[in-house]
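>>> Below are the sequence and a predicted model for it; my questions follow.
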Amino acid sequence: MSKHFSNLGLSAPILKAIAEMGIVEPTEIQAEVIPLVLKNKTDIVGIAKTGTGKTAAFGLPIIEMIEVTKPSVQALVLVPTRELGNQIFQNLLDFSKYNEALSIAVTCGGVPIKPQIERLSNTAHIVIATPGRLIDLIERKAIDLSQTPFLIIDEADEMVSILKDSLDTIIAQLPKNHRSFLFTATLPGTIKQLIQNYLHKNVVQVSANMEMMGNQGIDHHYIVVDPIEKLEVLMHFLNTKEGERGIIFCKTKAAVNKLAKNLAIHKFSSGALHGSLSQGIRDRIMGQFRQGHISILIATDLVSRGIDVSEVSYVVNYHLPDTFEAYVHRSGRTARAGAKGLSLTILQPEEEIEIPEFEKELGLQFQKYNKPSVASIEENNAILWAKQIFKTKPNHDLEVEFKNKIKTIFHHLTKDELVEKLIAHFSLQNK
């Protein structure tokens, strides 16, 4: 495997751009796929997990092969979600920083279609799209794919059902001699059938090693608690991470909403993200998270692959994911760009037996956290209660006479005495 991008056939402008991004050595999937895309005429299936650098694996050689003098769409990238589409769009912009004549557009659902139609009326060499929005654009005759030689399907296993209904329509728009590059984290029967039906017979399959770049630098921990303790233990952990940015994953949107409500009550700076929210709300929350206005994001697996934010120091699995893949994608949100990270899974006692399976399948080692002591939890709850009081906005509409009566009760106490009495009262109330 080549240890240098310069040996893979990429031109100087691309090499300069990725060097400035700190991308030094190609990952396994990049070293395998890039030369195949550049030199061969075959279709390619890339089997690789999150964090292995799939976007660069297809993005760099595609940028290399675009003929910027032609105004046609030359590469179509299909993605399951708008979040992932925007992430890939930004990556390709960064990769092509010194390929100034290259034009890239993203057209995904959840936002008004008219601006996207207007954008496509001008040159777009590479188009990134969700299948549903692309079909809509095709039906409106807003996009011409008749001269598009490259089709990339990213995260194919996440949109099998969508592709099943839409690929016939999309591929009918492409020239017969187009090349397809399909990337997937897993290879279930449905994906094998899709490959058989839509890719050429001489397709080349590339599998990246299970050792995932996205899991380097991540410490994997778990903690076992009774269901009634779960929220308190989570808040105890979050208090130790004050000032740091993190993501909490739940199985369902209802669980996301419930947890977000509980954290808001206790004055944690958090936001909820799941597929049932409008795209505008999702964009606003992601913007707040990226800009540091909120420090905790509570999300479902549906949106996990589109979250590419630097300086996420920890991930919490509030519910054990159903699949090994989901765990990989969740934990891969931390330790981005070579940073260190922590992935903490909160388990109920009966779930602990599943940890060895995750270790074996993913080649990881989990360290068990000891549950905080009762005294430590009580102290943490008292601190959270104090923060609630501190962050509560005063009610300026109260009658002055009433406020004076309250002040009279406390006027002879020093600040230290008042604090001691408040703590003692909290302890009595919570016994």
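Yep, it's here. Numbers count the residues shown, from 1 in each chain.

>>> Which residue ranges of this structure form strands?
44-47, 75-78, 104-107, 126-129, 150-153, 179-184, 204-207, 218-224, 245-249, 270-273, 296-299, 312-317, 341-347, 366-368 (DSSP state E).

>>> measure the closest residue to residue 263 other than its chain neighbours to residue 170 for me?
Excluding its sequence neighbours, the residue lying closest to residue 263 (CB to CB, 6 or more residues apart in numbering) is residue 270, at 4.6 Å. Backbone N, C-alpha and C define where each C-beta goes, glycine included. To residue 170, residue 270 is 38 Å away according to CB to CB, to the nearest Å.

>>> What of residue 34?
From residue 34 to residue 170 the distance is 25 Å (CB to CB).

>>> Which one's more surrounded, these two?
residue 34 (25 against 21; other CB atoms under 10 Å).

>>> these two touch, right, the more buried one and residue 4?
No. Judged on CB atoms under 8 Å, residue 34 makes no contact with residue 4 at a distance of 11.6 Å.

>>> which residues do those two both contact?
residue 26 (CB atoms under 8 Å, 6 or more residues apart in numbering).

>>> got the contact list for stretch 312-325?
With CB under 8 Å, 6+ apart, stretch 312-325 has contacts from 49, 157, 185-186, 230, 234, 237, 241, 244-251, 255, 259, 301, 327, 330-331, 333-334, 336, 339-347, 351, 354, 358, 361-362.

>>> one more time with 7 Å
Here stretch 312-325 makes contact (CB atoms under 7 Å, 6 or more residues apart in numbering) with 185-186, 234, 241, 244-251, 255, 259, 301, 327, 330-331, 333-334, 336, 341-347, 351, 354, 358, 361-362.

>>> circling back: list the beta-bridge partners for the residue nearest to residue 263.
residue 296 (DSSP bridges).

>>> check contacts around it.
Counted by CB under 7 Å, 6+ apart, residue 270 has contacts 260, 263, 264, 294, 296, 298.

>>> For those residues, which single residue is the most surrounded?
residue 298 leads the contacts of residue 270 on contacts (other CB under 10 Å) with 28 neighbours.

>>> OK, contacts around it?
So residue 298 contacts 248, 250, 256, 259, 260, 270, 272, 273 (CB under 7 Å, 6+ apart).

>>> what's the answer for residue 128, then?
Counting by CB under 7 Å, 6+ apart, residue 128 makes contact with 77, 79, 85, 88, 89, 106.

>>> so which of those residues is the most crowded?
Highest count within the contacts of residue 128 by other CB under 10 Å belongs to residue 79, 27 neighbours.

>>> pLDDT score for residue 211?
With respect to pLDDT, residue 211 scores 47.

>>> likewise the one 3 residues further on?
pLDDT, residue 214: 43.

>>> How about residue 227, nearest residue that isn't a chain neighbour?
Nearest non-adjacent residue to residue 227, counting by CB to CB, 6+ apart: residue 348, 5.9 Å away.

>>> thinking that neighbour is in contact with residue 223, fair?
No. Counting by CB atoms under 7 Å, residue 348 stays clear of residue 223, with 10.6 Å between them.

>>> need the longest helix for this structure.
Longest helix in the chain by number of residues (criterion: DSSP state H): helix 374-391.

>>> Which residues belonging to it are considered buried?
Neighbour-count burial for helix 374-391 flags 377, 378, 379, 380, 381, 384, 385 (criterion: 16 or more other CB atoms under 10 Å).

>>> Over to stretch 323-338?
Applying 16+ other CB under 10 Å to stretch 323-338 flags 324-336 as buried.

>>> Go ahead and build a ChimeraX selection from the buried members of the contacts of stretch 312-325.
Remark: buried members of the contacts of stretch 312-325, expressed as a ChimeraX selection using 16+ other CB under 10 Å:
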select :185,234,241,245,246,247,248,249,250,251,255,259,301,327,330,331,333,334,336,341,342,343,344,345,346,347,358,362
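
>>> and residue 9, what does it touch?
Contacts of residue 9 by CB under 7 Å, 6+ apart are 34, 35, 38, 39.

>>> so how far is residue 11 from the second one?
If I follow you right, that is residue 35. Distance from residue 35 to residue 11, by CB to CB: 14 Å.

>>> likewise the first one?
Noted for residue 34: a distance of 12 Å to residue 11, by CB to CB.

>>> Now list whatever residues contact both of the two.
Both residue 34 and residue 11 lack any common contact, where contact means CB under 7 Å, 6+ apart.

>>> This structure - how does it break down into domains?
5-207, 214-374, 393-429 (automatic domain parsing).

>>> what about residue 254, how many neighbours?
With other CB under 10 Å as criterion, residue 254 counts 12.

>>> So what's the residue count around residue 111?
Count around residue 111 with other CB under 10 Å applied: 15.

>>> how close does it get to residue 283?
8 Å.

>>> and the closest residue to residue 230 other than its chain neighbours, what is it in contact with?
Nearest residue to residue 230 in three dimensions, chain neighbours excluded: residue 346, at 6.1 Å (CB to CB, 6+ apart). Contact partners of residue 346, counting by CB under 7 Å, 6+ apart, are 223, 225, 230, 233, 234, 316, 317, 318.

>>> count of residues packed around the closest residue in space to the fourth one that isn't next to it in sequence?
For residue 233, ignoring the flanking residues on the chain, the nearest one in space by CB to CB, 6+ apart is residue 225 at 4.9 Å. When counting by other CB under 10 Å, one arrives at 18 neighbours for residue 225.
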